[in-house]
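Visitor: The sequence and its predicted three-dimensional model are supplied below.
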Amino acid sequence: MKRFIIVAGILVAISLLWYISLYISKRNCDQLDHNLKLARLLGQLGMASYEVNRNNYSNATQWSTVFFNGVRDAANNTEDESVKQQLESVLARRDEITIDLAKSNPAVKEKLAQMYVNFYQIAMGRKIAERASIVSSGFRIGRKTLLHQENAA
């Protein structure tokens, strides 16, 4: 009977570990999917800006429609409240941008360029911050190694 309880306990522990690993994998996949969607949106906004700088307001309007629809979907599907608020602030400018594109207003070029910069910070902000901390820690390690080598010489 003791052996059965031990075997059952081991099986429960293995099942629990398997479930936890699946949960973590799914969460990582969901985060990567969200990051990919934001990167695609960034590309769509870039295309709208590119087309408007070519004075092709019709194509820019099409790209901005695709972009804003995607931003709305991303805002509705994100669980990160700060990202959701940032995406909603981008959506708040939809009518303004759409009207300027419909009127072929040259001022929309600067608005789209600034929106691209702002959206880049939303889409890539966390990655840049993470990369910066890795690079700075690597620099510190490299500097210590360099100083150690200079002192040894």
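Guide: All right, it came through fine.

Visitor: the longest helix in the protein is where?
Guide: As assigned by DSSP state H, the longest helix anywhere in the chain is helix 2-53.

Visitor: what's that one packed up against?
Guide: Secondary structure elements in contact with helix 2-53, counted by 3 or more C-beta pairs under 8 Å, 6 or more residues apart in numbering; DSSP states H and E, are helix 57-77, helix 108-152. For glycine as for every other residue, the C-beta is placed from the backbone atoms N, C-alpha and C.

Visitor: mean pLDDT for those helices: which is lowest?
Guide: Note on those: helix 108-152 shows the lowest mean pLDDT, a mean of 65.

Visitor: contacting residues around Leu42?
Guide: Tyr116, Phe119, Tyr120, Ala123, Met124 (C-beta atoms under 8 Å, 6 or more residues apart in numbering).

Visitor: now with 7 Å?
Guide: When contacts are counted by C-beta atoms under 7 Å, 6 or more residues apart in numbering, Leu42 touches Phe119, Tyr120, Ala123.

Visitor: The second one: neighbour count?
Guide: Read that as Tyr120. A total of 15 residues lie near Tyr120 under the criterion other C-beta atoms under 10 Å.

Visitor: ok, Tyr57 touching Asn105?
Guide: No: the criterion here is C-beta atoms under 7 Å, and Tyr57 misses it with Asn105 at 8.7 Å.

Visitor: more neighbours, those two?
Guide: Between Tyr57 and Asn105, Tyr57 has the larger neighbour count (other C-beta under 10 Å), namely 19 against 14.
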